[in-house]
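[1] Following is a predicted model, sequence given first.
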Amino acid sequence: MRLRLLCLLLFAGLLAAVPPAIVEGQEEETPVRPANLILVNARVWTLDPDQPEAQAVAIRGQRLIKVGSNEEVRRLARSDYTRVIDLRGRLVLPGFIDNHTHFAAAGRLLLGLNLLDANGPDTFRARVKEAAARLPAGAWLVGGDWGAYAQWGMSSTGR
């Protein structure tokens, strides 16, 4: 009798310690602040080699808070708070936030000579020398912002 009572108390104690969600076979969900914008049914290009594409994105304020399947992301919606937009298969790219670029000029600055932030004659000369050293003999040195030298009283030859 005593052993039976002890076993019953032990079983009741264990049962009380197990959360109801686990008893029902479901994970207990952590309460999360909802997203204010969700994009679903999209082709999301993530740039993550482990997950190159996704279906949906959740955004709160100006931050991405979840990228994943429609089902995963919709869990962050609250009907009175979240705007959900069905993109119907349209492509979503990561944040290219440049409203005005001259791509050819930008490429020349990246691959050639970039003097846009040269802050004096010494930096100017060093940048020209570094860029020239990367080129094969006789190649043209392109890029620059060649007008920068005027503010330091230098001639176009750097003297």
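    On my side now, so go ahead. Numbers count the residues shown, from 1 in each chain.

[2] so what's G144 up against?
    G144 sits next to G112, L113, N114, L115 when contact means Cβ atoms under 8 Å, 6 or more residues apart in numbering. In this view, the C-beta of every residue, glycine as well, is placed from N, C-alpha and C.

[3] can you list contacts of stretch 103-112?
    Against stretch 103-112 from outside (Cβ under 8 Å, 6+ apart): L116, A131, L141, V142, G143, G144.

[4] ok, now with 10 Å
    98, 101-102, 114-116, 131, 134-135, 139-145 (Cβ atoms under 10 Å, 6 or more residues apart in numbering).

[5] Next: stretch 48-59.
    32, 34-46, 64-77, 82-87, 89, 91-92, 94.

[6] before we move on, what about stretch 77-88?
    By Cβ under 10 Å, 6+ apart, stretch 77-88 touches 33-44, 55-60, 70, 73-74, 76.

[7] The residue lying closest to N114 once chain neighbours are set aside: neighbouring residues, count only.
    Of all residues not flanking N114 in the chain, G143 sits nearest, at 5.9 Å (Cβ to Cβ, 6 or more residues apart in numbering). For G143, the number of neighbouring residues by other Cβ atoms under 10 Å comes to 19.

[8] By mean pLDDT, point me to the weakest helix or strand of the chain.
    Of all helical and strand segments in the chain, the minimum by mean pLDDT, DSSP states H and E falls on helix 20-23, at a mean of 49.

[9] Can I get stretch 103-119 in CSV, CA atoms only?
    Taking C-alpha atoms only, stretch 103-119 is exported to CSV below (Å, rounded to 0.1, in the frame of the first residue of the first chain):
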residue,chain,number,x,y,z
PHE,A,103,27.8,51.5,-62.9
ALA,A,104,30.5,51.9,-65.5
ALA,A,105,32.1,54.7,-63.5
ALA,A,106,31.7,52.7,-60.3
GLY,A,107,33.5,49.7,-61.9
ARG,A,108,36.3,51.9,-63.1
LEU,A,109,36.8,53.2,-59.6
LEU,A,110,36.8,49.7,-58.1
LEU,A,111,39.1,48.2,-60.7
GLY,A,112,41.2,51.3,-61.6
LEU,A,113,42.2,54.4,-59.7
ASN,A,114,39.9,55.8,-57.0
LEU,A,115,40.8,59.3,-55.7
LEU,A,116,37.4,60.3,-54.5
ASP,A,117,38.5,60.2,-50.8
ALA,A,118,42.1,61.2,-51.3
ASN,A,119,42.7,63.8,-48.6
